[in-house]
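Visitor: predicted model and sequence below, questions to follow.
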Amino acid sequence: MAVESGPVAPSAQGGTLERLFKFKANGTSLRTDTLAGLTTFMVMAYIIFLNPIILSFAGNKALESKGLPFAAVLTSTCLVAGVMTLIMGLYTNRAYALAPGLGINAVVAFAAAEGTAHATARQITQAVEELAEMSPAQLRKRFDPQRAEIICAGAIILESLVHHLGLETVTAVQRGLRDGILVDLVRRIDSPADDHSLAEAALLIGRRFQFDEAHSAQVTRLALQLFDDLAPLHRLPASSRPLRSQIFPPCRSSALLRPRARSR
């Protein structure tokens, strides 16, 4: 007696998680992403306790009364990191974890000599002393107001790490999550050389907002020429070249912000 098998159940084909996160399309699996997530959590978990310890001045009897409530900061840190990481994963399908930072680059820039991007251990120690003497109003004026309250704490952590690791200098790197996302996007692109769909879509968006098409075409031509001429320096894959022509039409047009006046 022959038995005919019916359609394979969705769970056998990968199930809801496969359809949602597209593991195969991204060259990964549920097991790999789970292990990566656990590893990332273990690497970042210190911030759950470090943030409240620093911002509440825990252990410092002279400043404890001036710090933020330990429990409140711990809860806020967990909620911010958890919610933002969930949004990043569910909305963008990107495996990036987000958590509050301590503004280390701002500290290095403050400590470094004018015109340089690196600070010596001595300069960082001097910066900590100067930051400790500044009032909240002065910190908000000197730094990003949203980071003013944590700058001093970040400077203390940086100073401790510099001395603990025996570093002579620290260099600020102006790169962040958005740069990593762009690099990841370039690496994921695997479209045919004659696929102009993205470029056409960018052009349509520009025309929708009445951008200067001739100017954008010129900028695109120059960008592609620079990309080709500087290939030995930037060493980007050839597959990323089409991105130059897809980015410039909307980005270079001031008409996106100031639509042309229509004649009556």
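Guide: Received it, and whenever you're ready, just let me know what you need. Numbering: from 1, shown residues only.
Visitor: phi first, then psi, for Val170.
Guide: As for Val170, its main-chain torsions (degrees, to the nearest 10) stand at phi -130, psi 130.
Visitor: which SS class is Arg94?
Guide: Three-state call for Arg94 (DSSP: H, G, I helix; E, B strand; the rest coil): coil.
Visitor: hang on, isn't it packed against Ile87?
Guide: No - assessed by C-beta atoms under 8 Å, Arg94 is found out of contact with Ile87, at 10.4 Å. Yep, even glycine has a C-beta here, placed from its N, CA and C like the rest.
Visitor: how near is the residue lying closest to Thr125 once chain neighbours are set aside to Ala153?
Guide: Closest residue to Thr125 apart from its sequence neighbours, by C-beta to C-beta, 6 or more residues apart in numbering: Glu159 at 5.8 Å. Applying C-beta to C-beta, to the nearest Å, the value for Glu159 to Ala153 is 11 Å.
Visitor: got it, and Ala99?
Guide: Using C-beta to C-beta, we find Ala99 at a distance of 15 Å from Ala153.
Visitor: what do you get for Asp229?
Guide: 45 Å.
Visitor: quick check: Leu35 vs Asp144, distance?
Guide: Leu35 sits at a distance of 35 Å from Asp144 (criterion: C-beta to C-beta).
Visitor: how does the protein divide into domains?
Guide: For the chain, automatic domain parsing gives the domain ranges 15-92, 104-171, 196-256.
Visitor: ends of the second one, how far apart?
Guide: Same thing as domain 104-171. Taking C-alpha to C-alpha, to the nearest Å as the measure, domain 104-171 stretches 10 Å from start to finish.
Visitor: model confidence over that domain, on average?
Guide: Average pLDDT, domain 104-171: 82.
Visitor: lowest-pLDDT helix or strand in this protein?
Guide: Using mean pLDDT, DSSP states H and E, the weakest-scoring helix or strand in the chain turns out to be helix 241-251, at a mean of 54.
Visitor: quick check: buried residues in the host helix or strand of Thr39?
Guide: Following DSSP states H and E, one finds Thr39 within helix 30-44. Neighbour-count burial for helix 30-44 flags Asp33 (criterion: 16 or more other C-beta atoms under 10 Å).
Visitor: and if you look at stretch 74-81?
Guide: By neighbour count on 16+ other C-beta under 10 Å, the buried set for stretch 74-81 is Leu74, Ser76, Thr77, Ala81.
Visitor: just confirm the second one is within a strand.
Guide: Put plainly, it is Ser76. No - Ser76 sits outside any strand when classified using three-state DSSP, being helix.
Visitor: distance check, it against Val108.
Guide: 26 Å.
Visitor: mind listing the strands for the stretch 151-264 of the chain?
Guide: Here the stretch 151-264 of the chain has its strands, by DSSP state E, counting those that start in this stretch, at 169-171.
Visitor: shaky segments in it?
Guide: For the stretch 151-264 of the chain, the stretches flagged by pLDDT under 70 are 173-182, 184-198, 239, 242-264.
Visitor: what segments of it are helices?
Guide: Listed in chain order, the helices of the stretch 151-264 of the chain (DSSP state H, counting those that start in this stretch) span 177-188, 197-208, 213-229, 231-234, 241-251.
Visitor: quick check: Ala111 touching Ala121?
Guide: No - with contact defined as C-beta under 8 Å, Ala111 does not count as touching Ala121 (9.7 Å).
Visitor: just to revisit the earlier point, quick one: which of Asp229 and Ala153 has more around it?
Guide: More crowded of Asp229 and Ala153, by other C-beta atoms under 10 Å: Ala153, with 20 against 9.
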